[in-house]
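S.K.: missing the sequence, but the structure's below:
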């Protein structure tokens with residue numbers, strides 16, 4: 001005969017659902033006299049309606065939370081039940097004074113006095129606004145993002161290798177906003193550059209505005225409940241002074257990752273703080289690669305304590321809790337599509353990118369730069385936090401870099417209507433560093449429109465060189481550009497011209513005389529595509545992108561080399577100085 005506390009609770013819930021005592025006795029195998037005793041002592045008949053609802057919700061919620069594998073329907077029901085509990089809690093406050101202010105916080109605030117009610121609280125997210133944000137958030141996420149949400153509270157460290165453009169930064173920004181507004185916990189975002197960190201911030205601000213019409217301001221964003229949303233770049237000297245849940249974006253592209261990891265993990269050392277690392281793959285030579293494979297865990301450990309992780313796509317596509325305490329997952333573009341992401345035309349992407357680019361950018365394969373002209377290490381050494389390092393560059397100003405000269409490089413796609421354009425600020429002294437100020441990608445524009453875009457650049461910059469590939473379809477743009485910039489240089493590609501441009505760029509990059517923003521990983525991708533090969537006749541060495549249709553990201557690399565071709569070869573630094581008059 002069962003008469004445990006669980007039976008007592010279940011019996012009470014069945015009674016409130018309308019079952020009679022004999023029916024409950026049969027259903028639970030509990031004697032009728034016992035049930036009558038429970039009913040009398042616990043006063044089932046006089047329990048308030050709100051108590052009956054609360055306990056019914058609580059029972060169902062506990063049942064769902066105990067499930068190891070939750071369906072999408074389970075997650076939606078958990079969300080609905082949680083909201084219902086919040087509402088019943090608000091109704092209970094009505095018992096305090098029996099007035100509308102106990103039910104509605106807005107009424108309470110209004111009744112505190114006219115002077116106070118007119119004062120808007122900065123960054124306030126009311127319970128109703130938070131409900132709208134949660135609802136909008138859940139309505140927009142795809143299946144793989146729901147998996148990330150489910151694992152949020154189950155695992156302290158999430159480590160995700162992902163395809164480009166599947167909404168990871170967008171998702172984690174919104175996840176953090178909801179968590180901050182709900183719990184009051186700090187959320188820390190770390191990116192390779194300040195510009196990239198502000199992508200996080202923009203997503204947070206946009207989400208609050210779009211779903212709840214709430215204006216969030218400040219950097220960091222501080223909520224009334226005490227939560228701070230902190231946006232940092234990797235060179236933030238005060239990073240270790242913060243604490244909270246940690247999000248590290250594109251960590252496979254962060255320089256000196258091991259040092260960053262020590263600092264960053266210190267911010268989340270307390271057991272309550274979570275750590276989330278996510279990135280597209282870069283090179284197997286990157287400092288973060290041992291962190292991903294588990295090799296870093298093995299360093300300094302006895303052989304019997306070391307682990308062997310299988311980090312293949314087959315093993316990690318479903319997500320896996322690994323022996324080093326990290327939950328890992330690989331999400332390729334095909335995985336994202338299979339789980340509801342309908343934002344891509346994969347067949348079209350296969351036409352626009354070479355198989356090698358497709359594997360790296362969208363299928364989570366690491367780059368092997370063994371045969372590339374430019375090594376991954378020397379390219380990432382060129383990456384800087386431009387918002388911090390370039391104090392003379394104001395991208396939103398009418399003249400972003402004043403009257404200093406710039407060089408422009410343009411390259412059209414070989415087979416499609418894409419085109420890439422790069423703006424470079426040359427070093428004012430021999431042997432100094434050239435800076436890539438801007439990069440543009442034009443899709444679906446005819447020759448006239450592209451030439452007009454280049455003309456606009458000449459109106460905001462002091463342009464002294466424009467280099468254009470005039471082979472085949474680039475001829476049209478070159479002819480139009482020469483009408484307003486007669487000094488434009490056109491390149492008819494041949495092995496000699498290619499070698500000249502590549503070797504000059506190699507000289508500049510290998511000597512550390514090029515800088516571009518940390519967030520521009522596509523620039524690294526583009527340069528890695530340039531490889532040595534033989535001409536069709538096999539008689540001469542040349543350079544080309546490792547692609548079949550001569551289209552895609554390498555256009556950006558050739559555009560850069562068209563600009564850098566204006567630099568003298570084998571520059572050397574000396575005791576040179578300049579005087580610039582304003």
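M.R.: Nice, thanks for sending it over. Computed from a predicted structure; not experimentally measured. Numbers count the residues shown, from 1 in each chain.
S.K.: Ramachandran angles for the spatially closest residue to residue 156 that is not a sequence neighbour?
M.R.: What sits nearest to residue 156 in space, not counting adjacent residues and going by Cβ to Cβ, 6 or more residues apart in numbering, is residue 274, at 5.8 Å. Placement of C-beta: from N, CA and C, glycine included. Backbone torsions of residue 274, given as degrees, to the nearest 10, read phi -100, psi 160.
S.K.: Is residue 274 in contact with residue 245, as I believe?
M.R.: Yes: applying Cβ atoms under 8 Å, one finds residue 274 in contact with residue 245, separated by 4.7 Å.
S.K.: the more surrounded of these two?
M.R.: The neighbour comparison of residue 274 against residue 245 (other Cβ atoms under 10 Å) goes to residue 245, with 23 against 20.
S.K.: shared neighbours, residue 274 and residue 245?
M.R.: Residues within reach of residue 274 and of residue 245 at once, by Cβ atoms under 8 Å, 6 or more residues apart in numbering, are residue 268.
S.K.: so which helix or strand takes in residue 477?
M.R.: helix 474-484 (DSSP states H and E).
S.K.: So which other helices or strands are in contact with that helix?
M.R.: strand 405-412, helix 447-460, strand 462-469, strand 489-491 (3 or more Cβ pairs under 8 Å, 6 or more residues apart in numbering; DSSP states H and E).
S.K.: Could you list the buried residues of that helix?
M.R.: Neighbour counts over helix 474-484 (16 or more other Cβ atoms under 10 Å) mark 474-478, 480-482 as buried.
S.K.: and which of those is nearest residue 428?
M.R.: Closest approach to residue 428 among these (Cβ to Cβ): residue 481, at 25.3 Å.
S.K.: Can you name the residues that contact the spatially closest residue to that closest one that is not a sequence neighbour?
M.R.: Spatially, and ignoring its direct neighbours in sequence, residue 481 is nearest to residue 488 (4.8 Å; Cβ to Cβ, 6+ apart). Counting by Cβ under 8 Å, 6+ apart, residue 488 touches 466-468, 478, 481-482.
S.K.: Let me know the closest of the residues you listed to residue 17.
M.R.: For those, the minimum distance to residue 17 (Cβ to Cβ) is 77.5 Å, reached by residue 468.
S.K.: Serialize the helices and strands packed on helix 474-484 to a markdown table and add fields for mean pLDDT, distance to residue 221 and mean neighbour count.
M.R.: Shown next, in a markdown table, are the helices and strands packed on helix 474-484 (pLDDT from 0 to 100; distance: least, Cβ to Cβ, whole Å; neighbours: other Cβ atoms under 10 Å):
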| stretch | mean pLDDT | distance to residue 221 | mean neighbour count |
| --- | --- | --- | --- |
| strand 405-412 | 94 | 35 | 26 |
| helix 447-460 | 92 | 32 | 16 |
| strand 462-469 | 96 | 38 | 22 |
| strand 489-491 | 94 | 48 | 18 |
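S.K.: Mind putting these into JSON lines with distance to residue 526?
M.R.: Formatted as JSON lines, these follow (distance: least, Cβ to Cβ, whole Å):
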{"stretch": "strand 405-412", "distance to residue 526": "10"}
{"stretch": "helix 447-460", "distance to residue 526": "19"}
{"stretch": "strand 462-469", "distance to residue 526": "14"}
{"stretch": "strand 489-491", "distance to residue 526": "17"}
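S.K.: roughly how far is the helix or strand harbouring residue 526 from the heart of the chain?
M.R.: According to DSSP H and E, residue 526 maps onto helix 521-528. Chain-centre distance of helix 521-528: 18 Å, with Cα atoms, centre = their mean, to the nearest Å.
S.K.: mean confidence score for that helix?
M.R.: For helix 521-528, the mean pLDDT works out to 89.
S.K.: Which residues outside it are in contact with it?
M.R.: With Cβ under 8 Å, 6+ apart as the test, helix 521-528 has contacts from 250, 253, 280, 282, 357, 360-361, 367, 369, 372-374, 376, 379-380, 383, 436, 439, 509, 516, 553-557, 560.
S.K.: again, only this time at 6 Å
M.R.: Contacts with helix 521-528, where a contact means Cβ atoms under 6 Å, 6 or more residues apart in numbering, come from 253, 367, 369, 372, 374, 379, 516, 553-554, 556-557.
S.K.: Just the buried ones among these, please.
M.R.: Buried members of those, counted by 16+ other Cβ under 10 Å: 253, 367, 369, 372, 374, 379, 516, 553-554, 556-557.
S.K.: List the buried residues in the top helix by length along the chain.
M.R.: Assignment by DSSP state H gives helix 72-92 as the longest helix of the chain. Residues of helix 72-92 classed as buried: 78, 81, 83-84, 88 (neighbour count, 16+ other Cβ under 10 Å).
S.K.: Measure how far that helix is from the centre of its chain, please.
M.R.: Centre-to-centre, helix 72-92 and its host chain are 29 Å apart (Cα atoms, centre = their mean).
S.K.: Please work out the average pLDDT along that helix.
M.R.: Rounded mean pLDDT across helix 72-92 is 73.
S.K.: do the same with stretch 560-574
M.R.: Mean predicted confidence for stretch 560-574 is 80.
S.K.: Same question for stretch 225-243.
M.R.: 81.
S.K.: Show me how far it is from its chain's centre.
M.R.: Distance, centroid of stretch 225-243 to centroid of chain: 17 Å (Cα atoms, centre = their mean).
S.K.: What segments of the stretch 51-200 of the chain are strands?
M.R.: 157-162, 187-191 (DSSP state E, counting those that start in this stretch).
S.K.: which one of those strands lies closest to residue 349?
M.R.: strand 157-162 (15.6 Å).
S.K.: Mind giving me the packing neighbours of the closest one?
M.R.: On a contact count with 3 or more Cβ pairs under 6 Å, 6 or more residues apart in numbering; DSSP states H and E, strand 157-162 meets strand 275-279, strand 326-331.
S.K.: Quick one: closest of those to residue 140.
M.R.: Distance to residue 140, taken as Cβ to Cβ, is lowest for strand 326-331 among those, at 16.8 Å.
S.K.: so the helix holding residue 526 versus strand 275-279, what angle?
M.R.: Angle, helix 521-528 to strand 275-279, by axes from the mean of the first three to the mean of the last three Cα atoms, to 10 degrees: 40 degrees.
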